[in-house]
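> requesting a structural model of the entry that follows:
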Amino acid sequence: MNAPTPKSAFTAFPPRLPAVPRGRVRLGSDAHRTLMCATMLTTHDPYKPALIDWPKLDPVTQNRITSLPIWDIAVATEGRASMNVSTYAEGIADPLLKSAVEMNAFEEARHKLVLGDMVQAYGIELVPEPAYVRPRDPEWAFMVTGFSECIDSFFGFGLFRIAKDSGFFPPELVDTFEPVMRAEGRHILFFVNWVAWHRRKMPLWRRPWFALKVAAVWAFLIWERIDMAKGLGDGNTRAEESNFTLNGSKELGVEIEFPELAAICLAENDRRLGVYDARLKRPKFVPGAMRLALKVLGKGKLLAAQA
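Below you'll find the predicted structure:
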């Protein structure tokens, strides 16, 4: 059940990829669907995990990296994401949209392979993987995965930048993981556009129910993270792993206060997503919450400094 899904199981590309639409694109239109799917498919990086030449690290650097409390949860998260996204793709009738979601699922599975390969290369010991069970509500599972990635990728972008600038990750390892970070940016970009497109394609009477479903997903994710935070300090290793996005700068050996971390994350989020078509919708909830928090704290100048 936990075996990675081979790429041959996915459509990957439709027989003929439609041309990227020109001019203004209305959210929820066929042009919007074409733009978000074409962006997802044409920006795919075809690297193969089996061909990654993991750099040899000196003992101090290797110990520093292998001691990070994130690898168990990272492998399990990618495995669960692949299952959730691929299950949702099974029920999609539109060939283009199906191909884009399947590509998303394939890349999630590939991330798991990359992490698994790294674990073996550097001798990282993991707890046994959980069983990746097919979700009973594929849409709910797809939304939980997508919105969760919007949270984790936002902080991950900033922490990756800190690890790079501080030298915690050597340049060779930064280059190796860069394609994974780019893919995460593409995933959240595709997901938030799917949400906008999906909502507008619904009959008016269904939209309030979908809005409630979105709110329920956010409530679930926020409560999940609050519940995890309660376990910190009680010897709860899983909680520590899951809260790496909140305490990651300390784990990287860099003392950064929340305002500076938030500003770095915002700058990296804007930089990574800024390279894609400006007509596509960007994630707003987490970046908006961080910008509001900085304004409330009177740290608005940090935003300008990081721009």
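> show the pLDDT at residue 15.
For residue 15, the model assigns a pLDDT of 52.
> before we move on, what about residue 119?
84.
> wait, it touches residue 127, no?
No: the criterion here is CB atoms under 8 Å, and residue 119 misses it with residue 127 at 11.5 Å. No exception for glycine: its C-beta is placed from N, CA and C like everyone else's.
> show me what contacts residue 264?
Contact analysis of residue 264 by CB atoms under 8 Å, 6 or more residues apart in numbering lists 158, 161, 162, 256, 306.
> and the second one, what does it touch?
Contacts for residue 161 (CB under 8 Å, 6+ apart) come out as 264, 268.
> point out where the stretch 101-250 of the chain drops to low pLDDT.
227-250 (pLDDT under 70).
> where do the helices sit along it?
138-166, 171-201, 207-230, 237-242, 244-251 (DSSP state H, counting those that start in this stretch).
> re the thing from before, most neighbours among the contacts of residue 264, which one?
Among the contacts of residue 264, the one with the most neighbours (other CB atoms under 10 Å) is residue 158, at 26 neighbours.
> quick one: contacts for it?
So residue 158 contacts 261, 262, 264, 265, 266, 267, 268, 269 (CB under 8 Å, 6+ apart).
> same list (those) but as TSV, adding secondary structure, pLDDT and distance to residue 50.
What follows is the contacts of residue 158, written out as TSV (DSSP: H, G, I helix; E, B strand; the rest coil; pLDDT from 0 to 100; distance: CB to CB, whole Å):
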residue	secondary structure	pLDDT	distance to residue 50
261	helix	89	35
262	helix	91	38
264	helix	93	33
265	helix	94	32
266	helix	95	36
267	helix	95	34
268	helix	96	29
269	helix	96	31
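> which among these gets closest to residue 33?
residue 269 (24.2 Å; CB to CB).
> tell me the spacing between the closest one and residue 154.
5 Å (CB to CB, to the nearest Å).
> what touches both of those two?
283, 287.
> helix or strand: which one has the nearest residue to residue 201 once chain neighbours are set aside?
Using CB to CB, 6 or more residues apart in numbering and skipping residues adjacent in sequence, the residue nearest residue 201 is residue 28, 5.8 Å away. Using DSSP states H and E, no element contains residue 28; it sits outside every helix and strand.
> contacts only, for residue 28.
Neighbours of residue 28 in contact, by CB under 8 Å, 6+ apart: 196, 197, 199, 200, 201.
> for the residues you listed, give me TSV that also has distance to residue 77 and neighbour count.
Output for the contacts of residue 28, formatted as TSV (distance: CB to CB, whole Å; neighbours: other CB atoms under 10 Å):
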residue	distance to residue 77	neighbour count
196	25	16
197	25	20
199	26	15
200	30	13
201	29	14
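> tell me the one of these nearest residue 189?
residue 196 (11.3 Å).
> wouldn't the closest one be in contact with residue 281 here?
Yes: look at residue 196 against residue 281 with CB under 8 Å: they come within range, at 5.1 Å.
> looking at it, residue 75 is touching residue 127, isn't it?
No: with contacts counted by CB under 8 Å, residue 75 stays clear of residue 127, the gap being 9.6 Å.
> any idea how far the nearest residue to residue 160 once chain neighbours are set aside lies from residue 161?
The shortest distance from residue 160 to any non-neighbouring residue, by CB to CB, 6+ apart, is to residue 181 (5.7 Å). Remark: distance between residue 181 and residue 161 (CB to CB) = 9 Å.
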